[in-house]
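Student: predicted coordinates and the sequence they were generated for:
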Amino acid sequence: MAEMDTSSKDSGKKGTGVKKGKKLSTRVDLTPMVDLGFLLVTFFVFTTTMSESKAMNMNEPKDDPGKEIKVKNSGAMTILLGKENQVYYYYGQLDPEKLSEQFKSTNFKDIRELIVEKKKETPIDDLMYIIKSDKNSTFKNAIDILDEMSICAVPPGHYAEVEITPSEADMIHQTEIANGIN
């Protein structure tokens with residue numbers, strides 16, 4: 001600490017009779033402050049709750065073959081996931097005579113518009129999206145199509161993941177060969 005001499009006999013001049021103040025060390029030991037900082041960091045790390053993982057709610061049907069849900073052809077849209085982010089779709093049931101007209105190809109950019117369009121033109125009680133993944137499609141594609149259902153506000157119970165039939169897998173394979181997708 002510094003001292004200050006306030007005696008009135010000194011006129012501000014430094015002479016031989018004036019005592020100089022003793023200079024003390026101004027060094028501050030910060031070791032306790034560092035310890036306190038680490039204690040606070042440790043406290044907050046142990047007491048903070050990490051973000052919880054969030055999962056999408058999905059209604060999964062029970063494996064009861066006697067209770068199959070009947071879907072109207074006018075309200076059904078089947079979405080097939082292929083390799084290299086290709087999406088194939090058709091409305092209702094496939095008719096072998098009109099196969100080239102019904103079975104169409106798109107990508108993940110355009111599938112949202114098709115989902116919304118189908119949702120607008122179909123009564124909600126008749127609406128059903130059937131999602132099928134080919135063996136060459138990726139898990140990311142399956143998650144992306146479920147995200148699209150959530151983004152388009154399709155109510156749970158109006159979409160379902162179903163096993164792909166061999167004829168649909170064959171159509172996907174033939175379409176990919178025709179389009180040069182290996």
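Tutor: Done, it's in.

Student: my read: T175 touches Y88, true?
Tutor: Yes. Using Cβ atoms under 8 Å, T175 makes contact with Y88 at a distance of 6.7 Å. Every residue, glycine included, has its C-beta placed from N, CA and C.

Student: tell me which of those two has more neighbours.
Tutor: Ranked by neighbour count (other Cβ atoms under 10 Å), T175 and Y88 place Y88 first, with 20 against 17.

Student: please enumerate residues in contact with the one helix or strand that one maps to?
Tutor: Assigned by DSSP states H and E, Y88 belongs to strand 86-91. By Cβ atoms under 8 Å, 6 or more residues apart in numbering, the residues outside strand 86-91 that reach it are 73, 76-82, 102-108, 111, 114, 118, 141, 145, 171-172, 175-176, 181.

Student: confidence-wise, which helix or strand of the protein is lowest on average?
Tutor: Every helix and strand of the chain was ranked by mean pLDDT, DSSP states H and E. The lowest is helix 99-102, at a mean of 77.

Student: joint contacts of T175 and Y88?
Tutor: The contact lists of T175 and Y88 share 82, 103, 105, where a contact means Cβ under 8 Å, 6+ apart.

Student: okay if I get those as JSON lines plus neighbour count and pLDDT?
Tutor: Formatted as JSON lines, the shared contacts of T175 and Y88 follow (neighbours: other Cβ atoms under 10 Å; pLDDT from 0 to 100):
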{"residue": "G82", "neighbour count": "23", "pLDDT": "87"}
{"residue": "F103", "neighbour count": "18", "pLDDT": "85"}
{"residue": "S105", "neighbour count": "17", "pLDDT": "87"}
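
Student: which among those residues gets closest to D126?
Tutor: F103 (21.7 Å; Cβ to Cβ).

Student: pull the contacting residues for that closest one.
Tutor: 88, 90, 94, 171, 175.

Student: please apply the same query to N179.
Tutor: Listed by Cβ under 8 Å, 6+ apart, the contact set of N179 reads S105.

Student: how near is it to E84?
Tutor: Taking Cβ to Cβ, to the nearest Å as the criterion, N179 is separated from E84 by 10 Å.

Student: now do G17
Tutor: Using Cβ to Cβ, G17 is found at 97 Å from E84.

Student: who's more crowded, these two?
Tutor: More crowded of G17 and E84, by other Cβ under 10 Å: E84, with 13 against 7.

Student: state the mean pLDDT of the lengthiest helix in the chain.
Tutor: Assignment by DSSP state H gives helix 31-47 as the longest helix of the chain. The predicted model gives helix 31-47 an average pLDDT of 91.
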